[in-house]
Each structure stands twice: as C-alpha cells, then as structure tokens.
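In: how would this look folded up:
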Amino acid sequence: MCYQIPALLMPGITVVVSPLIALMKDQVDALNQEGIAATYINSSLSCPEIDHRFAMAARGDVKLLYIAPERLDSDHFFNELAGLNVSMVAVDEAHCISQWGHDFRPSYLTLTETIAQLPSHPVVIALTATATRKVAADIRERLNIPTANEVNTGFARDNLSFRVIKDQNKDTYLLEYLKLNNDQSGIIYASTRKEVERLYHLLDAHDISVTYYHAGLSETERATNQEDWLFDRKQVMVATNAFGMGIDKSNVRFVIHAQVPGDLESYYQEAGRAGRDGLPSEAILLFKASDLQIRRFFYRPVGHGRRVQAK
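Out: Model (predicted):
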C-alpha cells in the first residue's frame, strides 16, 4: 500500500531496496500475479539475465525493481541504475539501516549517499513494522527524512493474544498444543540450528505436518521448505530468527517461541507474523531461566567485537 500503489501512479520506476532474496521473489511473484509488472536483480541471476532485466526497466516494461543493498556497492550497477528514470526509492525492512535495529546490515549505510547521486532525484520512503524510537530516529537521520514526515500507526494488534508459559516441559507442551491445533498454520522459533533440527525431528516423528528453516541449509532447501509452508503443504515451520522477515502469510494462527528471543524488538517482529488476516491468533513464549544462558553466550564480548547468533 505504501509504495506499490504510488509506484503505479508515478511516471518512472520505483526501486525497492530489500534485504533478502526470498523476500524479493515472494513480493515480485505476488505483484506479477496481480498483473503488476515487477522484477528483481540479485545474486541468484546470471549476468545476461541481469542485463535483460535492466533493459526491461529502461524500456518501461516494469514499474518496480527490487534490489539488495549490497548491489549498490558496485559502481557498474550504480551506473546502470543511474540510467533509469527512478521516481522513488523504497527502503523496505528499514530497521536494517539502523545500528540499533535487530537485523542491522552494513550495506544499508551508504544508501543516502548513493540515492543522492541518482540524476532523477527520487522520493525516498522507508518502511518497517518494528522500530523503537531510537531505531526510528536513526532511520530518519540516515535517510535525511524530516521528523514531520514520520508516520507511526502504532503497534497494537487487538486480535493477538500474548502468553508466557513458565517452566513447562517444552516437548510435551508443543506436542499437546499442536495436536489440539492440527489444522492450523504456525511458526515455532528456536535459538539454535541444533534445537531447530531436534524439534523438527521430534514433531515429524509424531506425524505433525512440519518443515524447518535455518541458515545452515542450502538455498534450495530453504526455498523449498519456505514454499511448502507458505502454500500450506506443511502446517508448522520450525525456524531460527533467519526465517520470516517480510513473510506475508495471512493465516498464521500461532507463533511459539520455544526459547527466549534475543530482544523485545525481535520478539514483537516475530510474534507479529501471526494473525495478519485480523482473526484471533496466539503468540506464546515458553520461558525457562536456563534459556537466558544461551542469550548471554550469544552476546558475550569477544575481543573488540561481540559474539552474535549465527542465523
């Protein structure tokens, strides 16, 4: 709504800066199904295919072009982009631009300078579903967006029920819950790849329609498992926080955190994937004090940096 409709009304092309290949593909596929001309350029494409898509954009055959922020680090790519009539740049998942955001990406930092060099002087819009005041201020500052131009629609979701279940046997709880909700789509988040795979095998052994996702899988495996869940071939997705950014599946009835998430912002981003159709849905946190030890390990200082979770 915020940038796809304006993209159709503006004379040139809208460039959407998006952080994930899978997210680009999902959004482009959805637009094409609605008869809206859109495409993407990312590392999954060959050089001839990239040239072909740039040619389409130059001819005006597409209205939205999705790119990863890392693409703008290339002088050749920027020169190609500068040759287009870019009316608007939409920075999607804009919390990635902030050093305080939970999915910070260094390649977002040069966006302001790059956008300013585009001959067409496009309008800039930044969008995120979860931004603390600190993150929102950082986004505005980095993209030179005036405070008066910030629109905050609030975070309240009346259809979401939040619960914390303390000191329960996690496996037993999950099996019983999924038995009672065996016809519902949902996500179970765990902190480590090892725990994701353990839970996947546990649920699969109990004949639950389940798949899994983490950064240790091949790109093909991740794409297949994600599509199985998106198209309801599998009901339950077990995943690390590598999964879910930009996912727009309307019928997710529950999001269960099997372990304590990294921070409140990440928790709300992940829990908010439930109930996007407005129907009653649940966000459940299974809490054990021992899970906090995992978080302390992830954030323990190491030399001049920090140990962070491998997604």
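In: From here on, just use CA atoms for contacts and neighbour counts.
Out: Fine.
In: ok, now which ones touch the residue nearest the centre of the chain?
Out: Geometric centre of the chain, nearest residue: Met245, 1.4 Å, by C-alpha atoms, centre = their mean. Contacts for Met245 (C-alpha atoms under 8 Å, 6 or more residues apart in numbering) come out as Leu20, Leu23, Glu93.
In: can you redo the residues you listed as JSON lines with neighbour count?
Out: Formatted as JSON lines, the contacts of Met245 follow (neighbours: other C-alpha atoms under 10 Å):
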{"residue": "Leu20", "neighbour count": "15"}
{"residue": "Leu23", "neighbour count": "17"}
{"residue": "Glu93", "neighbour count": "21"}
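In: With pLDDT, distance to Ala205 and secondary structure added, can I get the residues you listed in TSV?
Out: Below are the contacts of Met245 laid out as TSV (pLDDT from 0 to 100; distance: C-alpha to C-alpha, whole Å; DSSP: H, G, I helix; E, B strand; the rest coil):
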residue	pLDDT	distance to Ala205	secondary structure
Leu20	79	32	coil
Leu23	79	30	helix
Glu93	85	36	coil
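In: quick one: Ser218 from Asn225, how far?
Out: According to C-alpha to C-alpha, to the nearest Å, Ser218 and Asn225 sit 11 Å apart.
In: And for Lys170?
Out: For Lys170, the distance to Asn225 equals 24 Å [C-alpha to C-alpha].
In: sorry, back to before: of Ser218 and Asn225, give the one with the bigger neighbour count.
Out: Neighbours were counted for Ser218 and for Asn225 using other C-alpha atoms under 10 Å; Asn225 has more, 19 against 11.
In: give me the element that one is part of.
Out: helix 219-230 (DSSP states H and E).
In: Check the offset of that helix from the chain's centre.
Out: Using C-alpha atoms, centre = their mean, to the nearest Å, the mean C-alpha position of helix 219-230 is found 15 Å from that of the whole chain.
In: after it, next one along is what?
Out: Immediately after helix 219-230, counting by DSSP H and E, sits strand 236-239.
In: Strand partners (parallel or antiparallel) of that following strand?
Out: If you go by DSSP bridges, strand 236-239 pairs up with strand 185-189 (parallel), strand 210-213 (parallel).
In: what about the strands in the protein?
Out: Assigned by DSSP state E, the strands in the chain fall at 13-17, 38-41, 64-67, 86-91, 123-126, 160-166, 185-189, 210-213, 236-239, 252-257, 281-287, 301-302, 305-306.
In: Just put those strands in TSV and tack on distance to Tyr267.
Out: Output for the strands of the chain, formatted as TSV (distance: least, C-alpha to C-alpha, whole Å):
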stretch	distance to Tyr267
strand 13-17	24
strand 38-41	29
strand 64-67	27
strand 86-91	22
strand 123-126	21
strand 160-166	11
strand 185-189	10
strand 210-213	18
strand 236-239	14
strand 252-257	8
strand 281-287	9
strand 301-302	22
strand 305-306	20
